[in-house]
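**Student:** give me a 3D structure for the following:
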Amino acid sequence: MLAAMPDSAPSPLSVGGTSPRDGGDACPGTLRLHRADDGALARVRVPGGVLSPDRADALLTVAGRFGDGELHLTSRGNVQLRGLDAECGGGPAELLAAAGLLPSAAHERARNIVASPLAGLDGSPSVADWLSELDGLVCGSPAAAALSGRFLFALDSGRGDVDALGADVTLIVEDDDCLLRVGAADEVFRLPAADGPRAALLAAEAFLRAARDSGAWRVKDLPEDVRAALVRTVGATAGPTAHRPRPRTARVPAPGPVTAPDTSTPTTAAAAAAATTPPAAAAAAAAAAAAPVTAISVGVPLGRLAPAQWRLLTETARRYGNELRLTPWRGIIVPGPFGQSASSGRSGPSGHSGRSGPAAEALDTLAAAGLITGPDSPWTGVGACIGHPGCAKSLSDVRAEAVAAVGPVGRLPVYWSGCERRCGHPHGEWIDVVVTPDGHRISHVRGEHRAPRAAVRNDPAALAAAVAAARA
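**Tutor:** This next block holds a predicted model:
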């Protein structure tokens, strides 16, 4: 029985050696698989969530040839393949390596990098150069091979979206410079943008030295005095210090078309004030509706993609911008260009009334395939762990419970967990639903704080009503 096997076992292809802490770091990868009740699990790191259509095809091939065929998005913009045969050996890793998804066997679990998914698409600066350079630096650093699979880098375009995720090392675009944050510290260090990726790697290497005695996997796990000393050490070789608290809530990309603001005409205070008058506001709204669509954003119910859905997304990417961006909120951005939108007065399956053109047509097709393409979908903001029967630790089939409880769109996201571990839970403000031996416990989470908890015994109708009320 797979459930009786060790939680994590090395693949026959693994050539990266082991770090002193490997015995306790059961975080899976493509070379070190996790044994679950539904088979072995591989977690494929996708730095920045960026995939070419060819690499997306390779993931689908591995899922179909060795696993259950589905692709599962994670809260770090990576991909999990489930139901792998225990006898698959190094087959999945060989295919992924051939596609360029495994550039360094020694670093495959260290390549945890999230990036602002709308960078360069919504008017915010691109972080593509940072992403490429940081990934190369991590793979080229012998020391970085010892980073835990839990350690996280974040590259924020200035939107504050991935800065809110609580990464261990964060780079933030700030005009022509960048800000470096270590852990959740409120102080950041300003340095030239070109120096950002190397500074991020040096900060990670400094963390490894600081963690030798404690065996901590992440910055937040360090003893408080050691964590403070780490921040001082990094600051000694970085730039000037500034006070910038980490955002408490991420700005999640909304499903639908993505447009960039028109910067061709400078905005003055007088012009901004004039735009609030009814005629000017109507004209501004009309201009926004006709703005070129730079990308489309879709959500994935419970982060699970069937082969047909993945294939459709890949074909859409190949037709337009030749790229997919997986988000840390289990969504997907398909960059364009998609050309100019036009007013049509129609409303397709995606619910984008008044729009026509390639973006609306693509969204309608994706909506018909079961993906979230508008903010009015009842699936918006709903997430869950894999639950039973895939996970032996789960007390129930939380995905089925989440499906049964789906109702009106809520103000807050909700995440269902089959046990107290809460694998894959979101950050910031959200509604936490955890299965207990007696039923379900519902909490309102704000960062590190939880509101008083409500308990609901095994009554599906009462549970759905309680979750809807908590999200309102």
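**Student:** got any ranges where the stretch 251-400 of the chain has weak pLDDT?
**Tutor:** Along the stretch 251-400 of the chain, the parts satisfying pLDDT under 70 run over 262-290, 341-355.
**Student:** mind listing the strands for it?
**Tutor:** 256-259, 293-299, 304-305, 324-326, 331-335, 382-384 (DSSP state E, counting those that start in this stretch).
**Student:** for Asp68, which of those strands is the nearest?
**Tutor:** Smallest distance to Asp68 across those (Cβ to Cβ): 10.3 Å, for strand 304-305. (C-beta placed from N, C-alpha, C; glycine too.)
**Student:** was I right to think Pro28 contacts Ala36?
**Tutor:** No - here Pro28 lies out of contact with Ala36, judged by Cβ atoms under 8 Å, at a distance of 9.3 Å.
**Student:** check which helix or strand Val234 maps to.
**Tutor:** In this structure, Val234 is located in helix 224-237 according to DSSP states H and E.
**Student:** now do Ala199
**Tutor:** Going by DSSP H and E, Ala199 is in helix 196-210.
**Student:** and that helix, what does it pack onto?
**Tutor:** With contacts defined as 3 or more Cβ pairs under 8 Å, 6 or more residues apart in numbering; DSSP states H and E, the secondary structure elements packing on helix 196-210 are helix 128-140, strand 169-174, strand 177-182, helix 224-237.
**Student:** reformat the ones you listed as TSV; add mean pLDDT and mean neighbour count.
**Tutor:** Below are these laid out as TSV (pLDDT from 0 to 100; neighbours: other Cβ atoms under 10 Å):
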stretch	mean pLDDT	mean neighbour count
helix 128-140	98	19
strand 169-174	98	25
strand 177-182	97	24
helix 224-237	95	15
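**Student:** tell me which of these sits nearest to His427.
**Tutor:** The stretch from those with the least distance to His427 (Cβ to Cβ) is strand 169-174; that distance is 12.7 Å.
**Student:** which elements pack onto the helix holding Val234?
**Tutor:** Packing contacts for helix 224-237, counted by 3+ Cβ pairs under 8 Å, 6+ apart, involve strand 177-182, strand 187-192, helix 196-210.
**Student:** would you mind measuring from the residue nearest to Ala193 when sequence neighbours are not counted to Pro192?
**Tutor:** With Cβ to Cβ, 6 or more residues apart in numbering as the measure, Cys178 is the residue that lies nearest to Ala193, at 4.6 Å, once sequence neighbours are left out. In this structure, Cys178 lies at 7 Å from Pro192, with Cβ to Cβ, to the nearest Å as the measure.
**Student:** circling back to that earlier point, and the helices and strands packed on helix 196-210: which comes nearest Gly303?
**Tutor:** When the helices and strands packed on helix 196-210 are ranked by proximity to Gly303, the top entry is helix 128-140, at 21.9 Å, counting by Cβ to Cβ.
**Student:** geometric centre of this protein: which residue is closest?
**Tutor:** For the chain, Pro328 is the residue whose C-alpha lies nearest the centre (Cα atoms, centre = their mean; 1.0 Å).
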